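**Student:** Sequence plus the predicted model coming up.
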Amino acid sequence: MRTSKAVLIADLRSSPPKSSYEFSHRCADSLDAGDHLITLFGRHEKSNRHWGTIVTAVFQTTAGELKVFRGQAEDGKHYPSLTHTYPVAQIFERELWEQTGLQPDGHPWLKPVRFEGERQQRMTDYPFFKVRGREVHEVGVGPIHAGVIEPGHFRFMCLGEKVHHLEIQLGYQHRGVEALLLRRPPMALASIVESICGDSSVAYAWGYCAAVEALSNSPVSLETDLLRGIALEMERIAMHVATLNGLATDVAFLQGGGTYGRLRTAIINATQRVCGNRFGRGWLRPGRARELSEVLRQDLIQTLTAFARDFTEINELMLASLSVKARFQGTGIVSTKTAQELGLVGVVARASGVEIDTRVQLPGRVYERFPAELITESSGDCWARMKQRMREADASVQWLLKVLGDTALDLSGSAAPDALGKPLAPETLCLSLIEGTRGPVVQVLETSSQGQLLHYKVQDPSLPNWFGLAMALRDNDISDFPICNKSFDLSYCGNDL
Amino acid sequence: MIKSILVRKSQGSQYIPDLRAANPIGFRGKPVISEAACANGCNACLAACPSRAISLDPVRIDMGRCVLCGDCEPVCPSEKLSFNNDFKLASTDRDALTISSAHPDIDPIKVSEALHKRFGRSLKLRSVSAGGCNGCEMEINALSNVNFDLGRYGIDMVASPRHADGLVLSGPISRNMADALQIAWDAIPEPKLVIAVGACAISGGIFAECNEVDRAFLDKFKPALYVPGCPTHPLSFISGILDLLGISD
Ligand code: SF4
Ligand code: SF4
């Protein structure tokens, strides 16, 4: 198995799936050794006229290597749950159960992830956790919320104003993305991929392009990849600023709301000048990326320089505001230990002191050439998540200015190898990891013996992180839910697919 | 205090005075279909289109389906297709959303006298995302930011459907959201209207073929306004709604 940084290619012919027993053991050994479970999922397969399930798990070892385990089981088979011992597996085993019917015995929290397949429209069947007692009351909100946001249901089990437990029920945005991705030619999926989680279009598009390029052995030039890096960091700035805007508005720090709103507009309008769309859609395609003319390069440098000055100014103001401090400090704490146990990823994990960032650990050639800084906070509260976003957006600006200012680079016309005609390698598994704004966007593509796409697994960083939000709320006042939720700023559609 | 004043100074004045005359530089908006003849038997644009928006003989693009991805432009050997930054894409009529070389523009929206009278000075809208990707939702949010400031025309997004005059629908309508959408709609007092925002809401867009989508709601309630895009550009929404309500500056 060859690992080329954040893209893993595995030839499946040389490694047939193991028995489910052996598979579980290998996974457990890996977790014992401290490896990070990146994904675990299954798909149905018919072999010898029997339906079965092929399960794939990908780990990142402590040495930074990616490794794949595969197991197979008959349909509906029971197996001892990993979650029982390793909570990091909780959401993956739930999804595996929902998508394939494999039964993880002893899973403490076996509930639907998104009500897909036969469970569709049975949203009222959700088995909520029940807290009993004379003083206990429940508050339910959603799926439709007060603001213009995506739908999801939150149920708070409270003792007075204190939240004892928050249960999050998702699935309202489920529109069948994974199945849709198998219905079109594999090189023509860019627009669908850009709409899986529309505020992270670039991260998804890059991961998709990297995967189909690796599968068809059609490498792109370094310049093309750098253009993708530029698109991604622009997206990161825009989205972090959108969250900061929301945080400011939620605590009535109105100057923050107005200023962050304006600053985000400057960034997304610059993105539009490059690729025609404020969300970066159309910037990346298999085999290519929209290039930057000299005029556009200068335009971005100017936009970012002006942005940086005003961004620092408003950040300082927000950080010095006593009312902001009073609301955010000590609110919604997720400890480092909890974050690690639950396998939280991305910006939320880093704000809790977990040193995890794909750009640093699996840099690939873009971040090898222009390294990204590992940024963490330690307090794990709303304040830390706010500061984390300020610092990450700042670092992205500096990164961009460095790349755009490198006059040795010619970003004005990438010689595009035509990837579109080449077939995909048969019986191959390809995983790509792109560190989007929220964290690693995972996409796993598997081909058949004829080189057809057999499975397209999509995993948003929000999938493991939603449980982190539930933990953050424990013993907090229910009135602090909006700021906790905003400080996580997770994706509903990315979870629901 | 001084810092706050400095931030206020940097902020300056951000609102776009005449929204209908705005110039969103670089925006890939309205398709322009030239009269050049198609190469014999060519269907390259059709094959490139991710949302089945194109039909041939003659080449037409259904803006209710188009996601403005631009993928059809480079594949055409006759260079028939291009895009300009015209954002006036909204229509009150689903069938009028189709563009061809013979019908190059979306017909201007006719002011509805009834709507002008009723909502011309105040329109409160409840946004419901039903399977949206958060693209349209973020652009609906942007309507009330410091640049677009739609509130200046008395058009606001409100929290409760009971306070709303209409529903702004985004997303293709996932089955899992169908009931909640209906409940929200039922909670809006009459008279009320639906505005379909984005290719998803208008036609199912990129998700039109998904089994997980159930569009029965729109069979019952016909939108008063269709606003194309993926996501809808705030200016498309604004020009559409202002024209429909007959609001001038
Ligand atoms: S721009 Fe519109 S018509 Fe052209 S390929 Fe994309 S969706 Fe189809
Ligand atoms: S129309 Fe496009 S941007 Fe809007 S919800 Fe659908 S996929 Fe997302």
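**Tutor:** Great, that's in hand. Numbers count the residues shown, from 1 in each chain, chains lettered A, B, ... in the order given. Ligands and ions are numbered 1, 2, ... in the order given.
**Student:** Which residues are in contact with the closest residue to residue A:194 other than its chain neighbours?
**Tutor:** In space, and not counting its chain neighbours, residue A:194 is closest to residue A:201: 4.1 Å by CB to CB, 6 or more residues apart in numbering or on different chains. Every residue, glycine included, has its C-beta placed from N, CA and C. Contacts of residue A:201 were listed using CB atoms under 8 Å, 6 or more residues apart in numbering or on different chains, and they are A:194, A:195, A:235, A:279, A:280, A:281, B:135.
**Student:** Over to residue B:194?
**Tutor:** B:166, B:167, B:169, B:185, B:218, B:221, B:222, B:223, B:224.
**Student:** Just say helix, strand or coil for it.
**Tutor:** Recorded secondary structure, residue B:194: strand (DSSP: H, G, I helix; E, B strand; the rest coil).
**Student:** who touches whatever residue of the stretch 201-350 of chain A ends up closest to chain B in this structure?
**Tutor:** Distances from the stretch 201-350 of chain A to chain B, computed as CB to the nearest CB, single out residue A:276 as the nearest residue at 3.1 Å. Contact analysis of residue A:276 by CB under 8 Å, 6+ apart lists A:282, B:26, B:27, B:28, B:68, B:70, B:83.
**Student:** which of the residues you listed tops the neighbour count?
**Tutor:** For these, neighbours were counted using other CB atoms under 10 Å in any protein chain shown, and residue B:68 has the most, 28 neighbours in all.
**Student:** Verify the stated contact: it with residue B:83.
**Tutor:** Yes - taking CB atoms under 8 Å as the definition, residue B:68 is a contact partner of residue B:83 at 7.4 Å.
**Student:** Next, show the common contact partners of the two.
**Tutor:** Taking CB under 8 Å, 6+ apart as the contact definition, residue B:68 and residue B:83 share the neighbouring residues A:276, B:28, B:29.
**Student:** a markdown table for these, including distance to ligand 1, secondary structure and pLDDT?
**Tutor:** Listed next are these as a markdown table, based on distance: CB to the nearest ligand atom, whole Å; DSSP: H, G, I helix; E, B strand; the rest coil; pLDDT from 0 to 100:
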| residue | distance to ligand 1 | secondary structure | pLDDT |
| --- | --- | --- | --- |
| A:276 | 10 | coil | 96 |
| B:28 | 8 | coil | 96 |
| B:29 | 10 | coil | 95 |
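**Student:** Make CSV from these and add distance to residue A:483 to it.
**Tutor:** CSV is the format used below for these (distance: CB to CB, whole Å):
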residue, distance to residue A:483
A:276, 35
B:28, 36
B:29, 37
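**Student:** Return the set of residues that bridge with residue A:157.
**Tutor:** Applying DSSP bridges to residue A:157 gives these bridge partners: residue A:138, residue A:165.
**Student:** Against residue A:128, how distant is it?
**Tutor:** With the distance defined as CB to CB, to the nearest Å, residue A:157 ends up 8 Å from residue A:128.
**Student:** Next, count neighbours for residue B:14.
**Tutor:** Residues near residue B:14, counting by other CB under 10 Å, number 16.
**Student:** ugh, wrong one, residue B:17
**Tutor:** When neighbours are defined as other CB under 10 Å, residue B:17 has 8 of them.
**Student:** And residue B:56, by the same measure?
**Tutor:** 11.
**Student:** Report the separation between the closest residue to ligand 2 within the stretch 101-250 of chain A and residue B:38.
**Tutor:** The shortest separation between the stretch 101-250 of chain A and ligand 2 is 3.6 Å, found at residue A:195 (distances taken as CB to the nearest ligand atom). Relative to residue B:38, residue A:195 is positioned 29 Å away (CB to CB).
**Student:** now do residue A:429
**Tutor:** Using CB to CB, residue A:429 is found at 41 Å from residue B:38.
**Student:** Which one of those two is surrounded by more residues?
**Tutor:** Set side by side, residue A:429 and residue B:38 give different neighbour counts by other CB under 10 Å, the larger being at residue A:429 (24 against 17).
**Student:** residues from chain B in reach of ligand 2?
**Tutor:** Selection of chain B residues close to ligand 2 by CB under 6 Å from any ligand atom yields B:67, B:132-133, B:135-136, B:170-171, B:198-200, B:205-206, B:230-231.
**Student:** which among those residues gets closest to ligand 1?
**Tutor:** Distances from ligand 1 to those, taken as CB to the nearest ligand atom, are shortest for residue B:67 (4.4 Å).
**Student:** top strand in chain B by residue count?
**Tutor:** Counting by DSSP state E, the longest strand found in chain B is strand B:123-129.
**Student:** Does anything pack onto the next helix-or-strand element following it? Which helices or strands?
**Tutor:** Sequence order places helix B:135-142 as the next helix or strand after strand B:123-129, per DSSP states H and E. Judged by 3 or more CB pairs under 8 Å, 6 or more residues apart in numbering or on different chains; DSSP states H and E, the packing partners of helix B:135-142 are strand B:123-129, strand B:166-170, strand B:193-197, helix B:198-203, helix B:234-245.
**Student:** One more pass at 7 Å, please.
**Tutor:** Using 3 or more CB pairs under 7 Å, 6 or more residues apart in numbering or on different chains; DSSP states H and E as the contact criterion, the secondary-structure elements in contact with helix B:135-142 are strand B:166-170.
**Student:** Buried ones in the next helix or strand after the strand it packs on, by neighbour count?
**Tutor:** Taking DSSP H and E as the definition, the helix or strand that follows strand B:166-170 towards the C-terminus is helix B:175-187. Neighbour-count burial for helix B:175-187, with 16 or more other CB atoms under 10 Å in any protein chain shown as criterion, is recorded at B:175, B:176, B:177, B:178, B:180, B:181, B:184, B:185, B:187.
**Student:** what does stretch B:92-108 give?
**Tutor:** Counting neighbours by 16+ other CB under 10 Å, one finds that the buried residues in stretch B:92-108 are B:92, B:94, B:97, B:98, B:99, B:106.
**Student:** Widest-spaced pair of the residues you listed?
**Tutor:** In the buried residues of stretch B:92-108, two members sit farther apart than any others by CB to CB. They are B:92 and B:99, at 16.2 Å.
**Student:** Quick one: low-confidence residue ranges for the stretch 201-350 of chain A.
**Tutor:** When residues are selected by pLDDT under 70, none of them lie in the stretch 201-350 of chain A.
**Student:** Which residues of it lie near chain B?
**Tutor:** Proximity of the stretch 201-350 of chain A to chain B is assessed by CB under 7 Å from any CB of the partner chain, with A:255, A:258-259, A:261-262, A:265, A:272-273, A:276-277, A:279, A:281-282, A:310, A:313-314, A:316-317 identified as the residues in range.
**Student:** can you name the farthest residue from the center of chain A?
**Tutor:** The outermost residue of chain A, judged by C-alpha distance from the chain's mean C-alpha position using CA atoms, centre = their mean, is residue A:134 at 40.0 Å.
**Student:** Wasn't it part of a helix?
**Tutor:** No - counting by three-state DSSP, residue A:134 falls outside a helix, being coil.
**Student:** Can you check the pLDDT for it?
**Tutor:** On pLDDT, residue A:134 comes in at 84.
**Student:** re earlier: which of the residues of the stretch 201-350 of chain A next to chain B are buried? Put it as a ChimeraX command.
**Tutor:** Command for ChimeraX that selects the buried part of those, burial taken from 16+ other CB under 10 Å:
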select /A:255,258,259,261,262,265,272,273,276,277,279,281,282,310,313,314,317
